[in-house]
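> Turn this into a model:
(one chain, ligands or ions: 2)
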Amino acid sequence: MNISESLLHALRDHGAREIFGIPGDFALPFFKVIEESGILPLYTLSHEPGVGFAADAAARIHGGLGVAAVTYGAGALNMVNPVAGAFAEKSPLVVISGAPGAGESKSGLLLHHQAKTLDSQFAIYREITCDQARLDDAHSAPDEIARVLASCLRESRPVYIELPRDMVGVACEPVQPLAPDAPDAEALAACADEILARLNAAHSPVVLVGVEVRRFGLESRVAELCTRLGIPVATSILGRGLLADAGAPLVGTYLGVAGDTQITELVEQSDALLLLGVVLSDTNFGVSSRQIDMRKTIQALDHRVSLGYHVYPDIPLASVVDALLERVTDTGKARTRTIQPPAYPHGLVADDAPITPNDIACAINDLMLEHGRMPIAADMGDCMFTAMDIGPTALVAPGYYATMGFGVPAGLGLQAACGERPLILVGDGAFQMTGWELGNCRRFGWDPIVIVFNNLSWEMLRTFQPESGFNNLDDWQFAAMASGLGGDGVRVHSRAELSAALVQAVKRRGRFQLIEAMIPRGVLSDTLNRFVSGVKRLSRK
Ligand SMILES: Cc1ncc(Cc2c([C@H](C)O)sc(CCOP(=O)(O)OP(=O)(O)O)c2C)c(N)n1
Ligand SMILES: [Mg+2]
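Residues are numbered from 1 along each chain as shown. Ligands and ions are numbered 1, 2, ... in the order given. Okay, here's the model as predicted:
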């Protein structure tokens, strides 16, 4: 076995199911092994940001490792933004970059694709990954790979592996996966007892579940725990979709001032808020009418649990949940305040009225009621806020890091990873960035349904700075371009046309279906409207 095969087997043994990538001369030998070994399927795309977003989405949807393989310099540095987003949103992404071999590195020449020094790329990736390795020694390579892949899964964060091109075929032992460390039993017991003591003493305890519950596959255990505790549970924006069908006392998604006021009050007035795997970010909490009182908050995230000013280090979320389940054996007194679960809009009136983002949510809810759920990939823009009004279904979106360009490649990553036909929601500005990756659907048999929210505008920016003319975008006629990319496109102006286009799109398989929904400038979703007015109100304080 050579170093490449050892790496590929290790990736699969750690949960990788596919590789997305774009080769270059520093990576060609490795890509040759990927293609000829068949250990993992390879999907090449057109631009490295798309590679990173697709691999990130694949990791999110199948809960294993996402893998993005690129060439050195121009390729890897092109992918910094998606990897930074994966780091921020705790996605277990493995970046594998080709690199110059030992001989050429000592040539004394400046190599093509080199930025500052030959170590610059490694240094840049150190800032957006939780562990790194350069495989320049076949004896240490198996242990290096084992360590880095274990870090990726333990932290649920990206890692970086640099593979010099002269090492690709060197003989190498197989990788022995590392067993995860067990937490200190006494510390775990004390931590669980203290959490329960606080919850039992509280008048209005609330549980908020976030991204780590999904990343570490804890959804069913957390649902069981919340049911036994009898405490209302909400999700963060990144945790949206969790516990949807689990029978837990789910009240909905907490969105601060942008969300349902009952849910906002429940969370913000709680005297014991248990945050399970929730990232304390401005998009989760910044748009809150009140700051969350951290003295009354219990946070389990990033392998530590903090209760007010107490901190328990090295306690993984899974261990906390299991320890609490051991202690809470029966369904507690029903302390769930009777909050009606959110009612999602449906029953679109298919008339000649112009299309609003809320109409799109309504039409999608109708579609899923009729044809069953579809996994959704949403880009940054009002399309993501609109997604908050779509009923329970798998959703991948840059809800915290908030980068544009995520939607289309992430939708392709979803279909590659789970085989289901995805729905992609993307604004016209974001489509200009990575929408062209749809041109790769035909090669791989992908056929997403894509709804472009075309308001001829960077509308989110306009809401904050309406006086700036640069927020106006030109009319690119996206629907007219679809056939050249291998799909079908239709432009719709009215709710009736939107409804009809969705019915048609569902019937057509084997080619992507692009619905270009023309939305008047200045028309926002209710959620975005609340978000913007909340931000403006809070910024005036
Ligand atoms: C890669 C990238 N570049 C720039 C931004 C800033 C930005 C937004 C956020 C605030 O950072 S929202 C927005 C406009 C989005 O336009 P479009 O996709 O058409 O969606 P909509 O018209 O619904 O706003 C930009 C440029 C971003 N989030 N990500
Ligand atoms: Mg727009």
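> From now on I want contacts and neighbour counts done on CA atoms only, so please keep to that.
Will do.
> ok, stretch 471-487 near ligand 2 or not?
No: applying C-alpha under 5 Å from the ion, one finds stretch 471-487 separated from ligand 2 by no less than 7.7 Å.
> Surely residue 416 forms part of a helix?
Yes: applying DSSP: H, G, I helix; E, B strand; the rest coil, one finds residue 416 inside a helix.
> since we're on the residue in the chain positioned nearest to ligand 2, how many residues are nearby?
In the chain, the residue found nearest to ligand 2 is residue 457; the distance is 4.1 Å by C-alpha to the ion. Other residues within reach of residue 457, judged by other C-alpha atoms under 10 Å, total 23.
> Please report how far it lies from residue 469.
10 Å (C-alpha to C-alpha, to the nearest Å).
> next one: residue 165
The value you get for residue 165 to residue 469, if C-alpha to C-alpha is used, is 48 Å.
> If you count surrounding residues, which of the two has more?
residue 165 (23 against 10).
> Can you check the pLDDT for that one?
Residue 165 carries a pLDDT value of 96.
> show me the contacts for it.
Residues in contact with residue 165 (C-alpha atoms under 8 Å, 6 or more residues apart in numbering) are 26-27, 29-30, 98-101.
> Need those in a markdown table (columns: neighbour count and secondary structure).
Converted to a markdown table, the contacts of residue 165 look like this (neighbours: other C-alpha atoms under 10 Å; DSSP: H, G, I helix; E, B strand; the rest coil):
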| residue | neighbour count | secondary structure |
| --- | --- | --- |
| 26 | 24 | coil |
| 27 | 24 | coil |
| 29 | 19 | helix |
| 30 | 29 | helix |
| 98 | 29 | strand |
| 99 | 28 | strand |
| 100 | 24 | coil |
| 101 | 16 | coil |
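> Tell me the one of the residues you listed nearest residue 78?
Each of the contacts of residue 165 was checked against residue 78 using C-alpha to C-alpha; the closest is residue 98, at 13.6 Å.
> quick one: the closest one and residue 162 touch, right?
Yes: using C-alpha atoms under 8 Å, residue 98 makes contact with residue 162 at a distance of 6.0 Å.
> Just give me the neighbour total for residue 81.
18.
> name the element it belongs to?
Residue 81 is part of helix 80-88, with elements assigned from DSSP states H and E.
> and this structure, which residues reach ligand 2?
Going by C-alpha under 5 Å from the ion, the residues of the chain near ligand 2 are 427-428, 455, 457-458.
> which of those has the most neighbours?
residue 427 (29 neighbours).
> ok now do it, which residues does it touch?
Contacts of residue 427 by C-alpha under 8 Å, 6+ apart are 379-383, 452-455.
> hmm, 10 Å instead?
378-384, 404-405, 407, 435, 451-459, 516-517 (C-alpha atoms under 10 Å, 6 or more residues apart in numbering).
> again with residue 493
352-356, 516-520.
> With residue 224 instead?
Counting by C-alpha under 10 Å, 6+ apart, residue 224 has contacts 230, 243, 246-249, 321, 325, 328, 330-331.
> ok, residues contacting the helix ranked longest in the chain?
Criterion DSSP state H: the longest helix present in the chain is helix 185-201. The contact list for helix 185-201 (C-alpha under 10 Å, 6+ apart) reads 202, 205-207, 229, 231, 271-274, 296-299, 305-307, 310-316, 319-328.
> What residues of that helix count as buried?
188-189, 191-192, 195, 198-199 (16 or more other C-alpha atoms under 10 Å).
> what's the answer for stretch 213-225, then?
213-216, 218-225.
> just curious, which of the residues you listed is nearest to residue 18?
Out of the buried residues of stretch 213-225, the member with the shortest distance to residue 18 (by C-alpha to C-alpha) is residue 215, at 17.7 Å.
> pLDDT at the closest one, what is it?
For residue 215, pLDDT reads 93.
> Identify the residue spatially nearest to it, adjacent ones excluded.
residue 63 (5.9 Å; C-alpha to C-alpha, 6 or more residues apart in numbering).
> Neighbours of that neighbour, how many?
For residue 63, using other C-alpha under 10 Å, the count is 19.
> How about residue 403?
18.
> So residue 320 sits against residue 298, correct?
No: taking contacts as C-alpha atoms under 10 Å, residue 320 lies outside contact range of residue 298: 11.6 Å.
> where do the contact lists of those two overlap?
195, 276, 305.
> Out of those, which is nearest to residue 120?
residue 305 (35.2 Å).
> List the contacts of the nearest residue to that closest one once chain neighbours are set aside.
What sits nearest to residue 305 in space, not counting adjacent residues and going by C-alpha to C-alpha, 6+ apart, is residue 312, at 5.0 Å. By C-alpha under 10 Å, 6+ apart, the contact list for residue 312 reads 187-188, 190-191, 300, 303-306.
> Could you list the low-confidence segments of this structure?
285-289, 291, 331-341, 541 (pLDDT under 70).
> could you redo the last one with a cut-off of 90?
62-64, 102-103, 105-115, 237-249, 255-261, 280-296, 308-310, 329-343, 392, 531-541 (pLDDT under 90).
> quick one: the helix or strand harbouring residue 95 to helix 80-88, angle?
Using DSSP H and E, residue 95 falls within strand 93-99. For strand 93-99 against helix 80-88, the angle by axes from the mean of the first three to the mean of the last three C-alpha atoms, to 10 degrees is 140 degrees.
> strands paired with strand 93-99, and their directions?
strand 66-70 (parallel), strand 159-164 (parallel) (DSSP bridges).
> then the helix holding residue 81 to CSV, C-alphas only?
Provided in CSV are the C-alpha atoms of helix 80-88 (Å, rounded to 0.1, in the frame of the first residue of the first chain):
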residue,chain,number,x,y,z
VAL,A,80,-9.8,29.5,2.2
ASN,A,81,-13.3,31.1,2.6
PRO,A,82,-15.3,27.9,2.5
VAL,A,83,-12.9,26.3,4.9
ALA,A,84,-13.2,29.3,7.3
GLY,A,85,-16.9,28.9,7.1
ALA,A,86,-16.6,25.2,7.9
PHE,A,87,-14.4,26.0,10.9
ALA,A,88,-16.9,28.7,12.1
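> how about it: buried residues?
80-88.
> can you tell me if that helix touches ligand 1.
No: Helix 80-88 is not in contact with ligand 1 by C-alpha under 6 Å from any ligand atom; minimum separation 7.8 Å.
> any idea how far the closest residue to residue 440 other than its chain neighbours is from ligand 1?
Nearest non-adjacent residue to residue 440, counting by C-alpha to C-alpha, 6+ apart: residue 45, 6.5 Å away. Residue 45 sits 18 Å away from ligand 1, going by C-alpha to the nearest ligand atom, to the nearest Å.
> Could you report the neighbour count for residue 45?
So residue 45, with other C-alpha under 10 Å, has 23 neighbours.
> mind listing what it touches?
20-23, 51-52, 54, 409, 412, 436-441.
> if I look at the nearest residue to residue 400 once chain neighbours are set aside, how far off is residue 534?
Spatial nearest neighbour of residue 400, chain neighbours left out: residue 283 (5.7 Å); criterion: C-alpha to C-alpha, 6+ apart. The gap separating residue 283 from residue 534 is 12 Å, by C-alpha to C-alpha.
> Show me the common contact partners of these two, please.
With C-alpha under 10 Å, 6+ apart, residue 283 and residue 534 have common neighbours residue 256.
> what about the strands in the stretch 401-541 of the chain?
With DSSP state E, counting those that start in this stretch applied, the stretch 401-541 of the chain shows strands at 423-427, 449-454, 488-492, 513-518, listed in chain order.
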